[in-house]
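**Q** Provided below are the primary sequence and the corresponding predicted coordinates.
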Number of protein chains: 2
Amino acid sequence: MLQARRFCSSFHRIDNIGKTSQPGDALGVRGWIKNIRKLKNNIFLDVNDGSTAQKFQVVVPKNEKTKALTPGSLIKASGNVQLAPHGHYELHAEDVNIIADGNLTKGFPFSPKQQHAPDYVRDFLHLRSRVDYVAAAMRLRHKAQKALHDFMDSNEFVQIHTPIMTMNDCEGAGEVFTVRPDSEDLLKQMSRPGIPVDESYFDSKVFLTVSGQLHLEAMSYGLGNTYCFGPAFRAENCKSPLHLSEFYMFEAELVHMEDIYKLCSFVENMIKTVSQLISNNCTEDLEFCQKISLGEKGKLDWLQKDWVILQYTEALDIVSKNKKHFKTAVKPDEGFSKEQELFLVDHFKSPVFVVDWPANQKPFYMKQSRSNPSVVHALDLLMPSVGELCGGSLRESDEEILRNHPHVPENLEWYMELRKYGGVSTGGFGMGFERYLQLLSGIKNIRDVIPFPRYPHNCKM
Amino acid sequence: MLQARRFCSSFHRIDNIGKTSQPGDALGVRGWIKNIRKLKNNIFLDVNDGSTAQKFQVVVPKNEKTKALTPGSLIKASGNVQLAPHGHYELHAEDVNIIADGNLTKGFPFSPKQQHAPDYVRDFLHLRSRVDYVAAAMRLRHKAQKALHDFMDSNEFVQIHTPIMTMNDCEGAGEVFTVRPDSEDLLKQMSRPGIPVDESYFDSKVFLTVSGQLHLEAMSYGLGNTYCFGPAFRAENCKSPLHLSEFYMFEAELVHMEDIYKLCSFVENMIKTVSQLISNNCTEDLEFCQKISLGEKGKLDWLQKDWVILQYTEALDIVSKNKKHFKTAVKPDEGFSKEQELFLVDHFKSPVFVVDWPANQKPFYMKQSRSNPSVVHALDLLMPSVGELCGGSLRESDEEILRNHPHVPENLEWYMELRKYGGVSTGGFGMGFERYLQLLSGIKNIRDVIPFPRYPHNCKM
């Protein structure tokens, strides 16, 4: 239904050939030569067009013209598809033409035959989409975002583009970027009495968002269930393989949500459903990434389990009893270290929700337990290999309790006021999208699951 | 397939009742009271839960409890659905309970019975999702973004999250925002010899993106067709109803694209297909917005036409011959004013592509005509009511020509180098998402099709 008329109908995407062609069909492909093997009468080209990580072989007669083919070059080839002895399709080409020369000897940083280390590949951000596992990770990322949108839409959530520039620093953690126009002339021209010239564009200091949650809540108070899925920012000097300065957050807000266990159940169901969908629709790229990163096909055996839910006190008890296993100290007032998170996951051989946390470890907006005000109805979801994947909570719906919280950030009068007029109970969570991709794919460094990673001392391109 | 288990199965979303219920079915609804009419024995409530702009009536017996109901309050009601005389479903409730009081007399800015002016409603950004046409516009926005993703995915484009923070100012126009960490301590701690302290976080000056195009191209050189759909920024002092400081750009890049007419054809097909889909799937909200904004149902008659393609010289000729109709002067070196764009659309009673522009009016990356280097293969798409909706071009694929362009911005060595190694011809375009929503819905001010508008002197929340 949605298909546009094919504007280049005589050429096929390589990943479609196995799905839509019969042996003997005449067709053409266009792509880059990854590898060349020259035998007596024929030349065998591995050709890639960006649609799949699988090799596609083009067989072409050896002659003066085809002998000149070089790796890296962009070619077009037409002929007939045939089934090769190993069961894959290949193209027996009558004609091969070079569209653009590869020029690999003139400074191209990657060798088509060699598997380069990710740290090396990352030095050439502008060219790395031509590296097979990077391309596979990007296709996986696309299919994962699509599956999330499909799931939320079919469950009748409304996507909200929460603002990137904001006066509010959601959790008040302070690790924010500020924004201002580059032009001093513009700032002067827009200046008004009583407002610092630096802030004259918006009449206030403006930050890059750290979370869309508070804005989602405002929308949910009129629209019902909402979600957002966009960039978020942290100005930290942190070079860990699990952190970026610019990353993507998936966040959802559910109305009439008054039970942290129901919220856990939604999160579990969402992650299982979406992961299963990705695993079905993107099998080849997913397994390709897993093999490169883990040396084997990943198991995702957490898809089949019932996930564990622990009270914070129970989780702390288990961690405390096993403190001899940890390099990091157990600090009851600071939550768990990554090592301790992974221990809990391993202990239960299952993802683990930790719920009902000490209020003093969590932000101001989380809902106080009505039976024990020192506890808030928060959840952390701990997963294999990445540790914390989601954080969420019921939101404090009582305006009085909110106003009396000792750590309410500035400029949030509007947030208090939401509760005043026919306020609705909500709860929600956020999931780091890149960590989710790392969980699925096994890719070790977060910088390799995002097209253009930004981290301390690095904002290339 | 994607449906999660319903976590609140006894309550129905109001927009689903007509689709899934039979007269006599027992069910519950939860929502806000928009209006109350008290008759002799019964009370009639208009209830809204954010799922639809249509009124849904709950009929409840008059008694001490129900007499206390007030507008704005959040209620839950259960009973049986019945067909009302006018053919719509209504709920005959046995029981109605207040979940939260509306408190509308304590400062709520909107009257449930009154249609407030958009300028007034916009002053209360945090509460405006409770206003029916704002909620309808947000649901329309959600369905429109979903339709775009669906179309691109089914046409095998890969979505790329192009970076928000970048060293590159795509078109070199200079109307950019700069970004830096808020913390002076962090900047000092990260400072390195030879780098200004202000820039120590990334070791360079960093901007908010104005376009993802150049980064898309880098990805298309390995992945084939790509697109992006995310926020873009302009630091202009412009308060027009068609401009925002933070807005959403949809951009696509197509490989093996060597014909500007083919690119026009793709754009036309995409906009028609996606618009038809939205028109089918979101009829009620679309017509609701059109009625509020235009006073009548919109026609979208451009869906049925073959769109016109004009050479720039032809378009200029028509405009010049009709200059007596314009308040604005015809300036052959500066393109067309909005008034002139709308004249061309009206002249042909059709959307108009203007292609093949004077090179000196367009950015450095557009492809020179090989027969006339003073012309570039650019396109502007002009639509009714909004004027320019899309801008695009073939991209200059010749490294030499690119390097010799007099206006190449700084820091783009990587962009030149893309062409060097097996470069592929690409072409693409960008579409302002908010303008597209204005085109569909008739909503006059761009600030009302985005949840949290940012414009000069305004960055509330």
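**A** Structure received.
**Q** which residues in the stretch 251-400 of chain A form strands?
**A** Listed in chain order, the strands of the stretch 251-400 of chain A (DSSP state E, counting those that start in this stretch) span A:308-311, A:352-358, A:375-383, A:387-394.
**Q** now those strands in JSON lines, with distance to residue B:459, mean pLDDT and mean neighbour count?
**A** Any C-beta I mention is one placed from the backbone N, CA and C, and that applies to glycine too. Output for the strands of the stretch 251-400 of chain A, formatted as JSON lines (distance: least, Cβ to Cβ, whole Å; pLDDT from 0 to 100; neighbours: other Cβ atoms under 10 Å in any protein chain shown):
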{"stretch": "strand A:308-311", "distance to residue B:459": "40", "mean pLDDT": "98", "mean neighbour count": "18"}
{"stretch": "strand A:352-358", "distance to residue B:459": "32", "mean pLDDT": "98", "mean neighbour count": "22"}
{"stretch": "strand A:375-383", "distance to residue B:459": "30", "mean pLDDT": "98", "mean neighbour count": "24"}
{"stretch": "strand A:387-394", "distance to residue B:459": "26", "mean pLDDT": "97", "mean neighbour count": "23"}
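**Q** for chain B, find the nearest of these.
**A** strand A:387-394 (13.8 Å; Cβ to the nearest Cβ).
**Q** in terms of secondary structure, what does the closest one contact?
**A** helix A:260-281, helix A:338-348, strand A:375-383, strand A:426-432, helix A:433-441 (3 or more Cβ pairs under 8 Å, 6 or more residues apart in numbering or on different chains; DSSP states H and E).
**Q** now the ones you listed in CSV, with distance to chain B?
**A** Shown next, in CSV, are these (distance: least, Cβ to the nearest Cβ, whole Å):
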stretch, distance to chain B
helix A:260-281, 5
helix A:338-348, 23
strand A:375-383, 15
strand A:426-432, 11
helix A:433-441, 9
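**Q** below-threshold pLDDT in the stretch 151-300 of chain A: ranges please.
**A** For the stretch 151-300 of chain A, the stretches flagged by pLDDT under 70 are A:170-174.
**Q** go with 80
**A** Low-confidence segments of the stretch 151-300 of chain A, defined by pLDDT under 80: A:169-174.
**Q** which parts of the stretch 51-200 of chain A are helices?
**A** A:64-67, A:118-121, A:132-154, A:184-189 (DSSP state H, counting those that start in this stretch).
**Q** next, the angle strand A:426-432 makes with the third one.
**A** For helix A:132-154 against strand A:426-432, the angle by axes from the mean of the first three to the mean of the last three Cα atoms, to 10 degrees is 170 degrees.
**Q** give me the buried stretch members for helix A:132-154, please.
**A** Neighbour-count burial for helix A:132-154, counted by 16 or more other Cβ atoms under 10 Å in any protein chain shown, picks out A:132-153.
**Q** before we move on, the earlier item: dump the strands of the stretch 251-400 of chain A to TSV, plus distance to residue B:444.
**A** Listed next are the strands of the stretch 251-400 of chain A as TSV, based on distance: least, Cβ to Cβ, whole Å:
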stretch	distance to residue B:444
strand A:308-311	50
strand A:352-358	47
strand A:375-383	43
strand A:387-394	38
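**Q** can you say which of those strands is nearest to residue B:272?
**A** Within these, the stretch nearest residue B:272 is strand A:387-394; the backing value is 39.5 Å (Cβ to Cβ).
**Q** gap between the closest one and the chain center?
**A** 15 Å (Cα atoms, centre = their mean, to the nearest Å).
**Q** and for it, what's in contact with it?
**A** Strand A:387-394 is contacted from outside by A:242, A:257-260, A:263, A:267, A:271, A:338, A:341-342, A:345, A:362, A:365-367, A:376-383, A:425-432, A:435-436, A:439, using Cβ atoms under 8 Å, 6 or more residues apart in numbering or on different chains.
**Q** that strand pairs with which strands, and in what direction?
**A** Sheet partners assigned to strand A:387-394 using DSSP bridges are listed as strand A:375-383 (antiparallel), strand A:426-432 (antiparallel).
**Q** redo those strands as JSON lines? Include distance to residue B:315.
**A** Shown next, in JSON lines, are these (distance: least, Cβ to Cβ, whole Å):
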{"stretch": "strand A:375-383", "distance to residue B:315": "57"}
{"stretch": "strand A:426-432", "distance to residue B:315": "48"}
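**Q** figure out which of those strands is closest to residue A:70.
**A** strand A:426-432 (42.0 Å).
**Q** go through stretch A:325-345 and flag the buried ones.
**A** A:335, A:336, A:337, A:340, A:341, A:342, A:343, A:344, A:345.
**Q** what's near enough to touch the third one?
**A** So the one you mean is residue A:337. Residue A:337 neighbours (Cβ under 8 Å, 6+ apart): A:326, A:328.
**Q** quick one: it and residue A:359, what's the gap?
**A** Separation of residue A:337 from residue A:359 (Cβ to Cβ, to the nearest Å) stands at 21 Å.
**Q** now residue A:460
**A** According to Cβ to Cβ, residue A:460 and residue A:359 sit 42 Å apart.
**Q** what about residue A:63, how many residues nearby?
**A** 11 (other Cβ atoms under 10 Å in any protein chain shown).
**Q** which residues touch it?
**A** No contacts exist for residue A:63 under Cβ under 8 Å, 6+ apart.
**Q** what are the phi and psi angles of it?
**A** phi -150, psi -180 (degrees, to the nearest 10).
**Q** and it, how far from residue A:248?
**A** According to Cβ to Cβ, residue A:63 and residue A:248 sit 50 Å apart.
**Q** could I get the buried residues of stretch A:325-345 as a markdown table with distance to residue A:451?
**A** Listed next are the buried residues of stretch A:325-345 as a markdown table, based on distance: Cβ to Cβ, whole Å:
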| residue | distance to residue A:451 |
| --- | --- |
| A:335 | 32 |
| A:336 | 32 |
| A:337 | 31 |
| A:340 | 33 |
| A:341 | 28 |
| A:342 | 28 |
| A:343 | 34 |
| A:344 | 33 |
| A:345 | 29 |
